[in-house]
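Peer 1: show me how the following folds:
(chains A and B)
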Amino acid sequence: MKLYRIAALIQRHLYLYKRSLPRMTEIFFWPLLDLMLWGFVTLYLRNFRQDLPKFATFFLGALILWDILYRAQQGISVSFLEEVWSKNLLNLFVSPMRPSELLAALMSISVFKLLMAGGVSALLAWFFFSFNLFVLGISLLPFVLNLMLMGWAIGIVTMASILRYGQEAEVMAWGLAFLVQPISAVFYPVSVLPAWLQPLALMVPASHIFEGMRAVVETGAIPATSLLKATLLNLVYLALAIYFFYRNLRIVKIKGLLMRSGTE
Amino acid sequence: MGNRVIEVSHLTKSFNGALAVNDVSFSVEEGEILGLLGPNGAGKTTLIQMMLGLVTPTAGEIRILGLDLETGREEILNQVNFSSTYVSMPTSLTLRENLMVFAKLYGVRRPAARIDALLDVFEIRRLKNTLTRNLSSGQLTRLSLIKSLLNEPKILFLDEPTASLDPDIADKTRTLLRSIRDRNRLTLLYTSHNMKEMEEISDRIIFLHQGKVLATGTPSEILDLFREKNLEDVFLKVARGGHPS
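Peer 2: Numbering: from 1, shown residues only, chains lettered A, B, ... in the order given. The predicted structure is shown next:
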């Protein structure tokens, strides 16, 4: 991999964000809207019952962490879509750029996006609702890293699907992450799910992270087992996602579909 | 001449059993301008895409600059470039930003100076801070051509490069390409539906039809072969089922 090529691809997206107000607001608008919604729900619950379990007031934390996953995924899939929309894919694929360099650049952009969105959300949650995400302490770091890895895996699968099926697969960029949200234990524990759904939920790395988050809030102890399970699952899914991407790229070249993705 | 920079042997590509390119073999010498000609569906685009690594051949071999395309992709693509009327660039970026991204992608040294020099050559330096979305189609074509020359390629693949240009700029572009060829020994592989242009710029023409090489030679050899006065008539003859006489 050549760093200068990765830097060039990152620069292309930074140019885009520098100039595009809709793209910048897209990073902040939805997190802000969610934050307000769940912030007021939390305030309401606090007034209604003072003795609610601690985690009920942690909706805001769950929301900010979920947004990290979502931004990590979008950082890859929507950034890739930008190339499709601008009919720039062929220019990239006829350059010496390696697919791994494209992946590395998109991952870097997703880090930029999630830091911006996560940072602003955490700041606003503290400012408006006196909620401090950093009560999670040192465990916040592995939580964020794991959510980012899961976001990358979903983002790469989305990108590979767009590459293969064209803009028909575009909807995945906005919908795929939400497909797993109900079984990701974001706002409620896995135990509330029907028994038949629970094994499926435990296959989702995010469910271990959010269960771990609740454990930290309740007991203060870092849930090493949850973290380990999430990390192992994430590594497996990320490897599978990368394999899926290379496999689709190979098929796309055999079927001659790059021209379609690049110019349609 | 004498140094073969492109060698294509027995190249075949089928899509779902339909042959798009059928056992095509040819070579291109350094500094040569090769025109690829043929009606729609003749296999020109597929052939170029295979030479750029965008499409995997079903059979056959492609060697560019002495390297096998499959194993030497990165090294090859560093030394070639491509421009097509049908490929665009991010429209929310300025000309300069777009070119800077590609200059860095190709590892161009002193990219700003290189970009300015090419903007001058194509007479659009005044537009360098203009958003790409505000360019006319002719200006977009020139941007694409500048992008394709950023890395001082040894081989340039051009897919209808002058389709959106007015006759004056198109003529200047052809003159420029020829002068770069003469100065840098640039090899050009060129497709166009402008037969006059093909006749004027090509050293040699490969006429493709239904995925096969129907004829090859200098423009005058092709005219003799088909017993026609110009390439347009040759094209019409082939498109309507005719063959070399």
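Peer 1: ok, the closest residue to B:His193 other than its chain neighbours to B:Ala170 distance?
Peer 2: In space, and not counting its chain neighbours, B:His193 is closest to B:Glu160: 6.6 Å by Cβ to Cβ, 6 or more residues apart in numbering or on different chains. (C-beta placed from N, C-alpha, C; glycine too.) Using Cβ to Cβ, to the nearest Å, B:Glu160 is found at 11 Å from B:Ala170.
Peer 1: sorry, back to before: distance of the residue nearest to B:His193 relative to chain A?
Peer 2: Going from B:Glu160 to chain A by Cβ to the nearest Cβ, to the nearest Å gives 13 Å.
Peer 1: which stretches of the stretch 151-264 of chain A form helices?
Peer 2: Ranges of helices within the stretch 151-264 of chain A are A:172-180, A:198-201, A:205-219, A:224-255, A:258-263, based on DSSP state H, counting those that start in this stretch.
Peer 1: for the fourth one, list every residue counted as buried.
Peer 2: Within helix A:224-255, the residues that qualify as buried by neighbour count (16 or more other Cβ atoms under 10 Å in any protein chain shown) are A:226-227, A:229-231, A:233-234, A:237-238, A:241-242, A:244-245, A:248-249, A:252-253.
Peer 1: residues contacting the residue nearest to B:His193?
Peer 2: B:Glu160 makes contacts with B:84-86, B:191-193, as judged by Cβ atoms under 8 Å, 6 or more residues apart in numbering or on different chains.
Peer 1: can you flag the buried ones in those residues?
Peer 2: Among the contacts of B:Glu160, those buried by neighbour count (16+ other Cβ under 10 Å) are B:84-85, B:191-192.
Peer 1: let's see which of those end up in strands.
Peer 2: Among those, the ones falling in strands (DSSP state E) are B:84, B:191.
Peer 1: comparing the helices of the stretch 151-264 of chain A, which gets the lowest mean pLDDT score?
Peer 2: Per-stretch averages of pLDDT across those put helix A:258-263 at the bottom, with a mean of 64.
Peer 1: burial measure for B:Lys44, as a count.
Peer 2: Look at B:Lys44: counted by other Cβ atoms under 10 Å in any protein chain shown, it has 23 neighbours.
Peer 1: was I right to think it contacts B:Gly38?
Peer 2: Yes: with contact defined as Cβ atoms under 8 Å, B:Lys44 and B:Gly38 form a contacting pair (5.4 Å).
Peer 1: distance of A:Leu103 from A:Tyr4?
Peer 2: For A:Leu103, the distance to A:Tyr4 equals 16 Å [Cβ to Cβ].
Peer 1: tell me which of these two has more neighbours.
Peer 2: Comparing A:Leu103 with A:Tyr4 by other Cβ under 10 Å, the one with more neighbours is A:Leu103, at 23 against 13.
Peer 1: residues contacting whatever residue of the stretch 101-250 of chain A ends up closest to chain B?
Peer 2: Nearest to chain B in the stretch 101-250 of chain A, going by Cβ to the nearest Cβ, is A:Arg250, at a distance of 7.5 Å. A:Arg250 sits next to B:Thr56 when contact means Cβ under 8 Å, 6+ apart.
Peer 1: from B:Thr56, how far out is it?
Peer 2: Here the criterion is Cβ to Cβ. By it, A:Arg250 lies 7 Å from B:Thr56.
Peer 1: and what of B:Val8?
Peer 2: From B:Val8 to B:Thr56 the distance is 14 Å (Cβ to Cβ).
Peer 1: again with A:Ile138
Peer 2: Taking Cβ to Cβ as the measure, A:Ile138 falls 48 Å from B:Thr56.
Peer 1: of the two, give the one with the bigger neighbour count.
Peer 2: Neighbour count, other Cβ under 10 Å: between A:Ile138 and B:Thr56, B:Thr56 has more, with 17 against 10.
Peer 1: hang on, the more buried one packs against A:Lys253?
Peer 2: Yes: contact criterion Cβ under 8 Å: B:Thr56 and A:Lys253 qualify, at 4.4 Å.
Peer 1: show me what the residue positioned nearest the centre of chain B is bridged to.
Peer 2: By Cα atoms, centre = their mean, chain B has its centre lying nearest to B:Leu158, at 2.0 Å. B:Leu158 has these beta-bridge partners by DSSP bridges: B:Ser83, B:Tyr190.
Peer 1: which parts of chain B sit against chain A?
Peer 2: Selection of chain B residues close to chain A by Cβ under 8 Å from any Cβ of the partner chain yields B:13, B:15, B:20, B:45-46, B:49, B:52-56, B:73-75, B:77-78, B:80-82, B:84, B:86-93, B:97, B:100-102, B:104-107, B:147, B:157.
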